[in-house]
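*Asks:* Fold the following.
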Amino acid sequence: MPARARRGTFYAGRVSRWTGTWLSGPGAAAEPSDGPARYRGERLGAPERGPGSVASNGIRLGALVIDLVLASLVTSLFLRPDYNDPAGMWRFNYLAGLVWLVITAVGVSLGGFTPAKALLGLRVVAMDGKPVVGPFRAIPRTVLIALVIPAVITDRDGRGLHDRATGTIELRTR
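*Replies:* Residues are numbered from 1 along each chain as shown. Below is the predicted model of the structure:
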């Protein structure tokens, strides 16, 4: 079998357990030398729009903001924020960040999504086709998102450095 066909079927065979049969088969993972990709995720065999397409940076940012607000609300159930006390607010924000880390790491590890990702129709999937992302990928991915820079730098397929480092991709579910 030619190398190009093997590359395409590698992705199609592994991730299709979750995504279905939307992958285009042997030519799905064409090399950049085959010409520029017309849309994000084309080289990976993802559709341009709809379920299974690569999530845009805007909707990913929206999910992050919603999850951060949710973490802040959960934190406020246990620690009352005092806006006149800067040291108290630092403590509150630190704890809210830890709550976000837990919500994100546990949610992505077990189901591939956080509450906001589920609300907005996003899911993190492993590139090797495993049914769950698992903690060994979800925890480093979450820490890299918290560092901001790895999540901001994306490749032409829409995968941030955090996704590339952990072997994941964030896809639309609807």
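
*Asks:* Can you give me the buried ones in the helix or strand that contains residue 87?
*Replies:* Counting by DSSP states H and E, the element that carries residue 87 is helix 86-110. Under the neighbour-count criterion of 16 or more other CB atoms under 10 Å, helix 86-110 has 92, 95-96, 99-101, 103-105, 107-109 buried. In this view, the C-beta of every residue, glycine as well, is placed from N, C-alpha and C.

*Asks:* What is the nearest of these to residue 40?
*Replies:* Closest to residue 40 out of the buried residues of helix 86-110 is residue 108 (20.3 Å), distances taken as CB to CB.

*Asks:* Check what pLDDT the closest one gets.
*Replies:* The per-residue pLDDT reported for residue 108 equals 95.

*Asks:* so what are the domain limits for this structure?
*Replies:* Following automatic domain parsing, the chain resolves into domains at 3-44, 57-172.

*Asks:* can you tell me which of those the model trusts least?
*Replies:* Ranked by mean pLDDT, these bottom out at domain 3-44, with a mean of 52.

*Asks:* Residue 125 contacts residue 166, doesn't it?
*Replies:* No. Contact criterion CB atoms under 8 Å: residue 125 and residue 166 do not qualify, at 11.4 Å.

*Asks:* Apart from its neighbours in sequence, what residue is nearest the spatially most central residue of the chain?
*Replies:* With distances taken as CA atoms, centre = their mean, the residue of the chain nearest its centroid is residue 170 (3.7 Å). In space, residue 170 comes closest to residue 55 once its chain neighbours are excluded; the distance is 4.6 Å by CB to CB, 6 or more residues apart in numbering.

*Asks:* mind listing what's buried in stretch 52-62?
*Replies:* 52-55, 59-60, 62.

*Asks:* Tell me the spacing between the closest residue to residue 81 other than its chain neighbours and residue 75.
*Replies:* With CB to CB, 6+ apart as the criterion, residue 81 has its nearest non-adjacent residue at 4.8 Å, and that residue is residue 92. For residue 92, the distance to residue 75 (CB to CB, to the nearest Å) stands at 6 Å.
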